[in-house]
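Trainee: need a 3D model of the sequence below.
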Amino acid sequence: MDPVGVGDGATATGPSLAVAPNPARGRVVFAVGGTHAGPESLTVRDVQGRRVCRLAANGPQVAWDGRHELGHPVPNGTYFVTLESGGRSRTVRFSLLR
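Mentor: Okay, here's the model as predicted:
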């Protein structure tokens with residue numbers, strides 16, 4: 001399945017971010033590109049905007065196992081992942097199905 005995202009291509013306005021598979025059944029892979037030097041992080045949030053977990057974006061792909069920061073599996077639903085890099089950000093919506 002091809003990764004999908006909002007603003008997949010890197011632009012002068014920010015980094016690129018894609019999610020695969022979408023919808024996901026468990027493990028999700030975030031493809032990161034066009035980032036700037038400096039701290040990079042991925043934050044997964046639920047539809048209410050609550051932080052589910054924060055991941056270090058230390059490579060072109062970051063895997064997430066569908067678990068909350070406390071280690072509990074998150075429920076089915078829509079989630080948002082935001083990549084922050086070099087003072088810029090990119091957000092992509094994805095669905096998680098169990």
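
Trainee: gap between the residue most central in space within the chain and residue 93?
Mentor: For the chain, the residue nearest the mean C-alpha position is residue 81 (3.5 Å; C-alpha atoms, centre = their mean). Separation of residue 81 from residue 93 (C-beta to C-beta, to the nearest Å) stands at 8 Å. The C-beta positions use only the backbone N, C-alpha and C, and glycine is treated the same way.

Trainee: who's in contact with the residue nearest to the centre of the chain?
Mentor: When the contact criterion is C-beta atoms under 8 Å, 6 or more residues apart in numbering, the partners of residue 81 are 17, 19, 30, 42, 43, 44, 45, 64, 91, 92, 94.

Trainee: greatest separation within those: which pair is it?
Mentor: Set against one another by C-beta to C-beta, the contacts of residue 81 have their most distant pair in 64 and 91, with a gap of 14.9 Å.

Trainee: which one's more surrounded, those two?
Mentor: The neighbour count for residue 64 versus residue 91, taken as other C-beta atoms under 10 Å, is higher for residue 64 (22 against 16).

Trainee: does the more buried one touch residue 56 like I think?
Mentor: No - applying C-beta atoms under 8 Å, one finds residue 64 not in contact with residue 56, separated by 11.5 Å.

Trainee: so where is this structure shaky, pLDDT-wise?
Mentor: By pLDDT under 70, the weakly predicted segments of the chain are 1-14, 35-39.

Trainee: next, the contact list for residue 59, please.
Mentor: By C-beta under 8 Å, 6+ apart, the contact list for residue 59 reads residue 32.
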